[in-house]
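Chemist: Got a predicted model here, sequence first, then my questions.
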Amino acid sequence: MSDANHARRTAVYLLDQVLGEGRLLAECYAAGALEKLAPEDRARAQRLAAETLRSLERADRVLKKHLKKTPPLTVMNALRLGTVELCSGGAAHGVVNAMVAIVSRHRRHGQLKGLVNAVLRKVAEEGPAEWAKLRTPRLPNWLRKPLVQAWGAEAMLGMEAAHYAGAPLDVTGKPDADLSALGGVLLPTGSVRIAAAGQVSSLPGFEAGDWWVQDAAAALPARILNVQPGEQVLELCAAPGGKTMQMAAAGAKVTAVDISENRVARLRENLERTGLEAELITGDALEQTGQYDAVLLDAPCSATGTIRRHPDLPQAKDGSEFGGLIELQAQMLAHAWSLVKPGGRLMFCTCSLLPDEGECQVEEALDMFPDMTADREALNLPGVEPAWITEEGGLRLRPDYWATDGGMDGFYMALLRKSA
């Protein structure tokens, strides 16, 4: 049975985990944070938490004038969630009562229910007008500063606007699938974009395995790699499997490797649903051996290109792990190159907005390996602007591209060919 207040309580808990414990929402979901909710409440809790994280700066600005000091985190998060709901058209009576009830049940801060009541009543009166005047929320400085240095202040504002707007649903279909029943828009790169998708598993063709969810930017590496029927292909860091399925659907013999058992299990489920085949290995990418016609490495990275869909990331992280990731990417790229047959090719990609995790990695690899060249011609696909092709021969995608059509994930990719 649906319970809107249970969904709100769960959303406040999720905010506490992200903003207090530095946990990503995906970690909370994997740990069972949504297990006791009905499907519609689960979706609502996820939506409320994501909307509050996207609007954190705005919510705090609205609340600031009504608070003499910042209350404990759970109370503050209840106020933030209530503010976002009230300033987005939520019914004042229902929202205020719900947040008061949530705080009153807290074993340590229940006495602050009066504060919550008073503040949110003020927000209900004055907040919506103030909200409309506030700027688009900005990324935290630890991330904003290097991105402004990389792409400039104007591009940064465009990316932040894309982050705030969130992401539509993009899907990739099997080559022979008819996706017209989805009612989406065919993007120039071949993905289908659905503006208001609702429950994914209830969409036409899901059960039949005709398509899978995959951001338009994430679908490009496999399209550029352009595997052929019968080719022996290795994908490293493969889960959840969008690229694996693209290459299997093209007729390649795919070996997909991921270090996480849970993620490999998810990849297996996706393959079973779509009726596609690949050899799955749970293991370390750096320990793989063999020689392949093509290798695809979607290296572990900061995931800063996915903030449209994961607004928790800039709030839960602080950039301290980036140095280790950049070093790991370089090791993985070098090892992946050793697995490419003479005359073969490597697709290196990361869902990052940081040049250190993309352009710089390929520049250094091109200097290190005399038998490596970047294939610029392969990047000339429908929907790809020439200006997106970078100096070293990769492709840089950003959330502010296709701004009027829903944007795209930030991604970097380069097709690297080995001399024969």
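Modeler: Great, that's in hand.
Chemist: Would you double-check that Tyr412 falls in a strand?
Modeler: Yes. Assessed with DSSP: H, G, I helix; E, B strand; the rest coil, Tyr412 lies in a strand.
Chemist: mind listing what it touches?
Modeler: Residues in contact with Tyr412 (Cβ atoms under 8 Å, 6 or more residues apart in numbering) are Gly305, Cys349, Thr350, Ser352, Pro355, Glu357, Gly358, Glu359, Gly394, Leu395, Arg396, Leu397. All C-beta atoms are positioned from the backbone trio N, CA, C, and that covers glycine.
Chemist: got it, and Val171?
Modeler: Applying Cβ under 8 Å, 6+ apart, we find Val171 in contact with Leu179, Leu182, Gly184, Ser191, Val192, Ile194, Trp211, Trp212, Val213, Gln214.
Chemist: Sort out which of these are in strands and list them.
Modeler: Under the assignment DSSP state E, the contacts of Val171 contribute Val192, Ile194, Trp211, Trp212, Val213 to strands.
Chemist: Just the CA atoms of the top helix by length along the chain, as CSV, please.
Modeler: Using DSSP state H to assign secondary structure, the helix with the most residues in the chain is helix 113-133. Output in CSV follows, covering the C-alpha atoms of helix 113-133 (Å, rounded to 0.1, in the frame of the first residue of the first chain):
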residue,chain,number,x,y,z
LYS,A,113,9.1,19.8,15.5
GLY,A,114,7.9,23.3,16.5
LEU,A,115,10.9,24.9,14.6
VAL,A,116,10.1,22.8,11.5
ASN,A,117,6.4,23.8,11.7
ALA,A,118,7.2,27.5,12.0
VAL,A,119,9.9,27.6,9.4
LEU,A,120,8.0,25.7,6.7
ARG,A,121,4.9,27.7,7.2
LYS,A,122,7.0,30.8,6.5
VAL,A,123,8.5,29.0,3.5
ALA,A,124,5.0,28.1,2.2
GLU,A,125,4.1,31.8,2.3
GLU,A,126,7.3,33.4,0.9
GLY,A,127,9.4,30.6,-0.6
PRO,A,128,7.9,30.1,-4.1
ALA,A,129,8.4,33.8,-5.0
GLU,A,130,12.0,33.8,-3.7
TRP,A,131,12.7,30.5,-5.4
ALA,A,132,11.9,31.8,-8.8
LYS,A,133,14.5,34.6,-8.4
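Chemist: Who are the packing partners of the helix or strand that that helix is followed by?
Modeler: Where DSSP states H and E defines the elements, the next helix or strand beyond helix 113-133 is helix 141-151. Judged by 3 or more Cβ pairs under 8 Å, 6 or more residues apart in numbering; DSSP states H and E, helix 141-151 is in contact with helix 153-165.
Chemist: and the angle from the helix it packs on to helix 141-151?
Modeler: 130 degrees (axes from the mean of the first three to the mean of the last three Cα atoms, to 10 degrees).
Chemist: Which elements pack onto helix 153-165?
Modeler: helix 141-151.
Chemist: Low-confidence stretches in the stretch 151-300 of the chain?
Modeler: Within the stretch 151-300 of the chain, the set of residues satisfying pLDDT under 70 is empty.
Chemist: That one: helices as residue ranges?
Modeler: 153-165, 220-225, 242-249, 261-274 (DSSP state H, counting those that start in this stretch).
Chemist: what's in contact with the last one?
Modeler: With Cβ under 8 Å, 6+ apart as the test, helix 261-274 has contacts from 30, 174, 206-207, 209-210, 212, 238-241, 244-245, 248-249, 256, 258, 277-278, 280-282.
Chemist: residues near the closest residue to Thr282 other than its chain neighbours, how many?
Modeler: Distances taken as Cβ to Cβ, 6 or more residues apart in numbering put Val264 closest to Thr282, at 4.7 Å, once the chain neighbours are dropped. Neighbourhood size, Val264 [other Cβ atoms under 10 Å]: 21.
Chemist: Run through the residues that contact Met347.
Modeler: Met347 sits in contact with Pro221, Ala222, Ile224, Leu225, Ala294, Val295, Leu296, Leu297, Met413, Ala414, Leu415, Leu416, where contact means Cβ under 8 Å, 6+ apart.
Chemist: again, but for Cys28
Modeler: Leu14, Gln17, Val18.
Chemist: Mind telling me what element it is part of?
Modeler: helix 25-30.
Chemist: Send me that helix as CSV with only the CA atoms.
Modeler: Coordinates of each C-alpha in helix 25-30 appear next as CSV, following Å, rounded to 0.1, in the frame of the first residue of the first chain:
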residue,chain,number,x,y,z
LEU,A,25,22.5,6.9,-3.4
ALA,A,26,23.4,3.7,-5.4
GLU,A,27,25.2,2.4,-2.3
CYS,A,28,22.1,3.1,-0.2
TYR,A,29,19.9,1.3,-2.6
ALA,A,30,22.2,-1.7,-2.8
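Chemist: Any stretches of the stretch 1-150 of the chain with poor pLDDT?
Modeler: Residues of the stretch 1-150 of the chain that meet the cut-off, pLDDT under 70, sit at 1-2.
Chemist: And the helices in the stretch 301-420 of the chain, which stretches?
Modeler: Under DSSP H, counting those that start in this stretch, the stretch 301-420 of the chain gives helices at 313-316, 322-338, 359-368.
Chemist: which one of those helices lies closest to Leu379?
Modeler: Proximity to Leu379 (Cβ to Cβ) singles out helix 359-368 among the helices of the stretch 301-420 of the chain, at 12.5 Å.
Chemist: Only C-alpha atoms, please: export that closest one in CSV.
Modeler: Output of helix 359-368 as CSV, limited to C-alpha atoms (Å, rounded to 0.1, in the frame of the first residue of the first chain):
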residue,chain,number,x,y,z
GLU,A,359,42.5,13.9,-23.0
CYS,A,360,45.6,13.8,-20.8
GLN,A,361,45.5,10.0,-20.5
VAL,A,362,45.4,9.5,-24.3
GLU,A,363,48.1,12.2,-24.9
GLU,A,364,50.4,10.3,-22.6
ALA,A,365,49.6,6.9,-24.1
LEU,A,366,50.3,8.2,-27.6
ASP,A,367,53.7,9.4,-26.4
MET,A,368,54.4,6.1,-24.6
